[in-house]
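S.K.: predicted model, plus sequence, below.
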Amino acid sequence: MTEQNDTQGRIRDRIETGPRFVEADAVRLNRLFRGTDTSEMLETLLKEGMAGDVAQVSSFGAESAVLLHLVSRINPNLPVLFLETGKHFPETLAYRDDLVERLGLKNLVNLTPDEEELAKKDESGLRWSYDPDGCCEIRKVKPLAKALAGFDATITGRKAFQSSTRKTLPRFEIDTTDEQGRLKINPLIDWSPERLEAYIQEFDLPPHPLVAQGYPSIGCMPCTSKVAPGEDPRSGRWRGWDKTECGIHKPGEDGNGPASDLPPGFDPVF
């Protein structure tokens, strides 16, 4: 009996150093919630704590109101992480503030770049024009990576129809950018533009003001252009560059500077 108690005590005192989630967990969750309505899935996941400490990452972009509304009805105190890059459209910042107020979101977290690194690596503020990967690394990737260290899972707004690189994404996946094993949750991955529009109409959600001006996907102002009818919705992001996500180049790949000190292939779920 004494030996058993000692063993239990050692187990309780052990510091957990393994990943939060592994691939088998993502597979299990995908199977568990297969065919489940998005709202029901989110409510079960959040209220039962199945994903641990969760944060929502939002760009407050074209369709962001839908996911923010879904989450706000379940837990308005859930942390909502917004990358305040210093390069956003003024309309995006005003839209962010409007949605936060309308939806009663109580835990908006604005993530900003490190001022010393900005002064050292982007003093002119024009790095986006010759090194968009490097700009994203400073203004998005690093601030988000630092913030995510405190969470077990993130909720993203990615959707399959947005680009060819997102067509096969599942509802649940493992973040492989580091050894932490965070869970990525993509509640809207199978939503169509028509379903999103119907939801927006049903709940009278305000649209992003730039959508009507020809911006179906909205990021930082210098790297976002209008999209012509029939084009990929994300074709206006980093137009002219071989870049489709806010990730970074692999260390040493481009030959235009020092290798990144971040993991290769980092995708900040934006």
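M.R.: Nice, I can see it.

S.K.: so where is the stretch 1-150 of the chain shaky, pLDDT-wise?
M.R.: Counting by pLDDT under 70, the ranges of the stretch 1-150 of the chain that qualify are 1-18.

S.K.: which parts of it are helices?
M.R.: 2-13, 23-32, 38-47, 64-74, 90-103, 115-121, 127-130, 132-136, 142-148 (DSSP state H, counting those that start in this stretch).

S.K.: for these, which one sits closest to Ile174?
M.R.: Checking the helices of the stretch 1-150 of the chain against Ile174 by Cβ to Cβ gives helix 23-32 as the closest, at 5.2 Å. No exception for glycine: its C-beta is placed from N, CA and C like everyone else's.

S.K.: give me the residues contacting that closest one.
M.R.: 50, 170-174, 183 (Cβ atoms under 8 Å, 6 or more residues apart in numbering).

S.K.: buried ones among the residues you listed?
M.R.: 171-174, 183 (16 or more other Cβ atoms under 10 Å).

S.K.: does Lys184 count as helix, strand or coil?
M.R.: strand (DSSP: H, G, I helix; E, B strand; the rest coil).

S.K.: hang on, it packs against Thr156?
M.R.: Yes - using Cβ atoms under 8 Å, Lys184 is in contact with Thr156, at 6.0 Å.

S.K.: tell me the one among the buried ones among the contacts of helix 23-32 nearest to Asp152.
M.R.: Once Cβ to Cβ is applied, the member of the buried ones among the contacts of helix 23-32 that ends up nearest Asp152 is Leu183, at 6.6 Å.

S.K.: with adjacent residues omitted, what lies nearest to the closest one?
M.R.: Leaving aside its sequence neighbours, Leu183 sits nearest to Ala153 (Cβ to Cβ, 6 or more residues apart in numbering; 3.8 Å).

S.K.: quick revisit: mean neighbour count, the helices of the stretch 1-150 of the chain: which tops it?
M.R.: Of the helices of the stretch 1-150 of the chain, the one with the most neighbours on average (mean count of other Cβ atoms under 10 Å) is helix 132-136, at a mean of 24.

S.K.: please save the CA atoms from stretch 135-143 in PDB.
M.R.: What follows is stretch 135-143, C-alpha atoms only, in PDB (Å, rounded to 0.1, in the frame of the first residue of the first chain):
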ATOM      1  CA  CYS A 135       8.400  41.600 -42.600                       C
ATOM      2  CA  CYS A 136       5.800  38.900 -41.600                       C
ATOM      3  CA  GLU A 137       8.400  37.300 -39.300                       C
ATOM      4  CA  ILE A 138       9.000  40.500 -37.400                       C
ATOM      5  CA  ARG A 139       5.400  41.800 -37.300                       C
ATOM      6  CA  LYS A 140       3.400  38.500 -37.100                       C
ATOM      7  CA  VAL A 141       5.300  35.300 -36.700                       C
ATOM      8  CA  LYS A 142       7.400  36.200 -33.700                       C
ATOM      9  CA  PRO A 143       4.800  38.100 -31.700                       C
END
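
S.K.: roughly how far out does that stretch sit from the chain middle?
M.R.: Centre-to-centre, stretch 135-143 and its host chain are 13 Å apart (Cα atoms, centre = their mean, to the nearest Å).

S.K.: so the residue nearest to Leu183 bridges to which residues?
M.R.: Val54, Leu183 (DSSP bridges).

S.K.: surely it is in contact with Lys184?
M.R.: Yes - assessed by Cβ under 8 Å, Ala153 is found in contact with Lys184 at 7.2 Å.

S.K.: thinking again about what came up before, if I pick the residue nearest to Leu183, what's in contact with it?
M.R.: Contacts of Ala153 by Cβ under 8 Å, 6+ apart are 20-21, 51-55, 182-185.

S.K.: same deal with Leu70?
M.R.: Applying Cβ under 8 Å, 6+ apart to Leu70 gives the contacts 38-39, 42, 187.

S.K.: got it, and Asn110?
M.R.: Counted by Cβ under 8 Å, 6+ apart, Asn110 has contacts 82, 84.

S.K.: poorly predicted segments of the stretch 151-270 of the chain, please.
M.R.: The stretch 151-270 of the chain contains residues with pLDDT under 70 at 161-168, 233-234, 236-270.

S.K.: rerun at 80
M.R.: Residue ranges of the stretch 151-270 of the chain with pLDDT under 80: 160-168, 177-179, 228-270.
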